[in-house]
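Student: curious how this folds, go ahead:
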Amino acid sequence: MVRGGTEWRSRSAWTGLVAPGRHGRVGGDPGVCVMPREGLGLALIVGRDLNTMSLGVALSELVGAAPPVKPRVTSGDNADLIWAGPRRWLLVSGRRDIVQIAQRKLGGLAAVTDQTDARAILRLSGPRARDALAKGCLIDLHPRVFAPGDTALTTIAHIGVQLWQVDDVPTFDLTVSRSLAASFWSWLAAAAAEYACEIVTPRERGTTVMAE
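Tutor: Numbering: from 1, shown residues only. Got it, this is the predicted structure:
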């Protein structure tokens, strides 16, 4: 976009911070793998007091799965719905136009706030991922109490974070405010350094993004 002779370009919250390569310990296999999640559409959905059943039906049609009513994640064909509090969900999709679609489908049933450029997401995986997070996370991520599909709103190193477990590797997705991305990465890079932290791009991990 060019405005007043100045060219504006969108950029990732992780640009200049998270660069592909090895960080920390040099030898051995990486204990932690970090991948920025890019090109996503995000929205915060807050249900109104009325039409609870209608909202549930509309969300199911939007995502292809029923909305979670406790701290869990439900995944559909087009998006994930992540519990973010009573009658609140974070919508995450490979479609950048998901916010506009949600606003049309949920009009009158919920407030839909665009979070696409307000939040930044990292995917953290590997055999030492829990150990790295435990250095700053206030909740217990042991597999006895936190399993794939679970989510939590918490703080890590005094930074507000929502995280959810993707699989048993374990793999975690973490979202923070874009304005705090640099501070969060500074902490995470230091926390993961002793385990050998490998930073990769979505292409290197074979991640696919839905076409708009």
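Student: CA only for contacts and neighbour counts going forward, please
Tutor: Will do.
Student: and His158, how far from Ile139?
Tutor: The spacing between His158 and Ile139, counted by CA to CA, to the nearest Å, is 13 Å.
Student: give the pairing partners of the longest strand along the chain; include direction for each.
Tutor: Longest strand in the chain, counting residues (DSSP state E): strand 159-167. Strand 159-167 sits in its sheet next to strand 151-156 (antiparallel), strand 171-177 (antiparallel), going by DSSP bridges.
Student: Val57: which of those is closest?
Tutor: Of all these, it is strand 151-156 that lies closest to Val57, at 22.3 Å by CA to CA.
Student: how far is that closest one from where the chain is centred?
Tutor: Averaged C-alpha coordinates place strand 151-156 at 12 Å from its chain's average position (CA atoms, centre = their mean, to the nearest Å).
Student: now that strand: buried residues?
Tutor: 151-153, 155-156 (16 or more other CA atoms under 10 Å).
Student: surely Asp140 touches Phe146?
Tutor: Yes. Between Asp140 and Phe146 there is a contact under CA atoms under 8 Å: 7.3 Å.
Student: which one's more surrounded, the two?
Tutor: More crowded of Asp140 and Phe146, by other CA atoms under 10 Å: Phe146, with 15 against 12.
Student: wait, is that one part of a helix?
Tutor: No. Counting by DSSP: H, G, I helix; E, B strand; the rest coil, Phe146 is not found in a helix; it is coil.
Student: how about the strands in this protein?
Tutor: Going by DSSP E, the chain shows strands at 2-3, 6-7, 21-23, 32-37, 41-47, 73-75, 79-85, 88-93, 110-114, 119-125, 151-156, 159-167, 171-177, 197-199.
Student: in this protein, where is pLDDT below threshold?
Tutor: 1-9, 50-51, 203-212 (pLDDT under 70).
Student: domains in it, by residue range?
Tutor: 12-38+117-199, 41-114 (automatic domain parsing).
Student: is Val46 in a bridge, and if so with what?
Tutor: Beta-bridge partners for Val46, by DSSP bridges, are Arg88, Ala111.
Student: enumerate every residue touching it.
Tutor: 87-89, 110-112 (CA atoms under 8 Å, 6 or more residues apart in numbering).
Student: what do you get if the cut-off is 10 Å, keeping everything else the same?
Tutor: By CA atoms under 10 Å, 6 or more residues apart in numbering, the residues touching Val46 are 84-90, 109-113.
Student: same deal with Leu174?
Tutor: Residues near Leu174 by CA under 10 Å, 6+ apart: 36-37, 119-124, 151-153, 161-165.
Student: ok, these vs Cys197, which is closest?
Tutor: Leu124 (9.8 Å).
Student: returning to what we had before: list just the one of the strands paired with strand 159-167 that sits closest to Ala43.
Tutor: Taking CA to CA, strand 171-177 is the member of these nearest to Ala43, at 12.3 Å.
Student: distance between the closest one and the chain's centre?
Tutor: What separates the centre of strand 171-177 from the centre of its chain is 4 Å, taken as CA atoms, centre = their mean.
Student: thank you, goodbye.
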